[in-house]
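Colleague: no sequence for this one, just the structure:
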């Protein structure tokens, strides 16, 4: 009896991170569709949306960092406002917020959430290509992990090309679901939510902008890893708050040059304001905290594995909200990109496992050598 309760409790604990990550991806797609609706139906500028979202997000992060990490600040040996860290945080804010976010939401305004998902899955591909260009990865063709990354890169690029250039016929909801209560609920929601732009959309331009956003995030990842290695004494949330503030300032300066009309910047007490608040809270604090919690429980590769779930949610919402906004080609290309994404992730996991085995063997040889080196010393002491 007690053993059965314990086993059920263990299964629930194991299912909790999985369920939470699936919910996170679903919320991300819903907020993406909502943002698409605001930019298409209510003419909200993507630049204004990014500025207001990150202003609020930076305030939340600064308050969170001050409340929960102020005690650790005095204990850090590395000053937070050193010039070297300022330059790195400036670049993190530029690549991770100012460039990537503006390109992402501008690309969304020209395309749809399914294309956002597909180009988001290109992130490991761009990171792998950048690591080769910067010579951070050795081109070992005999390694199975390197081969998997190359194959996954080719598959991802093929999927992205399909998403960009081939749409195919519209996907229409089945007649079985049309009479269900869930279908009626989605049809009512579809009267207020817009999944895709009209037929005159600049789909290819949107894809290029989204690809540019993924490249910017790849550069941000490289800078972030180097920053945390160079400044291990600084709290992670302090660095996040610091570069978030700098990135927000960059967004404000950049957007003021583009959107000079004051009417564009005026906010009303409507659903757009609620969208900004929810996006800032979710993207700025909730998602990062949940991801860190799952990584601590399941490891570094657990969270990235759920990113392709966005394709599933985007397809479901796209079919349910409107019959004439989602194409077979878009879904097919996104699925192919997802296959490439998982292939690259498998190669990365295999590479990390091989490195751990090498490090473990090196440590074992070192311990063995140390023990052998100690034996003659002991014998000399006894001989004396």
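Modeller: On my side now, so go ahead. As the structure is a prediction and not an experimental result, all values here were calculated from the model. Numbering: from 1, shown residues only.

Colleague: Show me where the stretch 1-150 of the chain dips below the pLDDT cut-off.
Modeller: 1-14, 68-81 (pLDDT under 70).

Colleague: all helices of it, in order?
Modeller: In the stretch 1-150 of the chain, the segments counted as helices under DSSP state H, counting those that start in this stretch are 2-41, 46-73, 83-93, 100-110, 113-120, 123-133, 144-165.

Colleague: Can you say which of those helices is packed in most?
Modeller: Ranked by mean neighbour count, those are led by helix 113-120 with a mean of 28 (mean count of other Cβ atoms under 10 Å). C-beta here means a position set from N, CA and C on the backbone, and glycine is covered the same way.

Colleague: got a list of contacts for that helix?
Modeller: The contact list for helix 113-120 (Cβ atoms under 8 Å, 6 or more residues apart in numbering) reads 29, 32-33, 36, 104, 107-108, 159-160, 163, 195-196, 203, 206-207, 210-211, 213-214, 307-308, 310-311, 314-315, 317-318, 326, 330-331, 333-334, 337.

Colleague: try 7 Å
Modeller: 29, 32-33, 36, 108, 159-160, 163, 195, 206-207, 210-211, 214, 307, 310-311, 314-315, 318, 326, 330-331, 333-334, 337 (Cβ atoms under 7 Å, 6 or more residues apart in numbering).

Colleague: swap in stretch 248-265?
Modeller: Contacts for stretch 248-265 (Cβ under 7 Å, 6+ apart): 45, 47-48, 50-51, 54-55, 58, 93-94, 97-98, 102.

Colleague: Please identify which of the residues you listed is nearest to residue 142.
Modeller: Residue 142 lies nearest to residue 94 out of these, by Cβ to Cβ, at 38.2 Å.

Colleague: Leaving out sequence neighbours, find the closest residue to the closest one.
Modeller: Spatial nearest neighbour of residue 94, chain neighbours left out: residue 250 (5.9 Å); criterion: Cβ to Cβ, 6 or more residues apart in numbering.

Colleague: and if you look at residue 240?
Modeller: Once flanking residues are discounted, residue 240 sits nearest to residue 61: 6.2 Å by Cβ to Cβ, 6+ apart.

Colleague: Distance check, that neighbour against residue 88.
Modeller: According to Cβ to Cβ, to the nearest Å, residue 61 and residue 88 sit 17 Å apart.

Colleague: Residue 219 touches residue 92, doesn't it?
Modeller: No. Under the criterion of Cβ atoms under 7 Å, residue 219 is not in contact with residue 92, lying 9.6 Å apart.

Colleague: ok, and the closest non-adjacent residue to residue 134?
Modeller: Nearest non-adjacent residue to residue 134 (Cβ to Cβ, 6+ apart): residue 222, at 7.4 Å.

Colleague: is it fair to say the one you found lies in a strand?
Modeller: No. Counting by DSSP: H, G, I helix; E, B strand; the rest coil, residue 222 is not found in a strand; it is helix.

Colleague: Just give the number of residues close to it.
Modeller: For residue 222, the neighbour count with other Cβ atoms under 10 Å is 15.

Colleague: How about residue 344?
Modeller: Residue 344: 27 neighbours (other Cβ under 10 Å).

Colleague: likewise residue 355?
Modeller: Count around residue 355 with other Cβ under 10 Å applied: 11.

Colleague: which SS state does it fall under?
Modeller: helix.

Colleague: confidence score at it?
Modeller: At residue 355, the pLDDT value in this model is 78.

Colleague: got it, and the one 3 residues further on?
Modeller: Among the per-residue scores, residue 358 holds a pLDDT of 65.

Colleague: on that earlier part again, close enough to count as contact, the residue nearest to residue 240 and residue 242?
Modeller: No. With contact defined as Cβ under 7 Å, residue 61 does not reach residue 242; the gap is 9.2 Å.

Colleague: Same list, the helices of the stretch 1-150 of the chain, but as CSV with distance to residue 289 please.
Modeller: Output for the helices of the stretch 1-150 of the chain, formatted as CSV (distance: least, Cβ to Cβ, whole Å):
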stretch, distance to residue 289
helix 2-41, 11
helix 46-73, 9
helix 83-93, 19
helix 100-110, 20
helix 113-120, 20
helix 123-133, 21
helix 144-165, 29
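
Colleague: And these: which comes nearest residue 272?
Modeller: helix 2-41 (5.2 Å).

Colleague: Phi and psi next, for residue 327.
Modeller: Backbone torsions of residue 327, given as degrees, to the nearest 10, read phi -110, psi 150.

Colleague: Do you know the pLDDT at it?
Modeller: On pLDDT, residue 327 comes in at 77.

Colleague: Just give me the neighbour total for the residue lying closest to it once chain neighbours are set aside.
Modeller: In this structure, residue 327 finds its nearest non-sequential neighbour in residue 167, 4.0 Å apart by Cβ to Cβ, 6+ apart. Counted by other Cβ under 10 Å, the residues lying close to residue 167 total 16.

Colleague: Distance-wise, check residue 106 relative to residue 40.
Modeller: Taken as Cβ to Cβ, the span from residue 106 to residue 40 is 13 Å.

Colleague: thinking residue 314 is in contact with residue 28, fair?
Modeller: No. When contacts are counted by Cβ under 7 Å, residue 314 is not listed as touching residue 28 (9.8 Å).

Colleague: check contacts around residue 160.
Modeller: So, once contact is read as Cβ under 7 Å, 6+ apart, residue 160 ends up touching 118, 119, 122, 333, 337.
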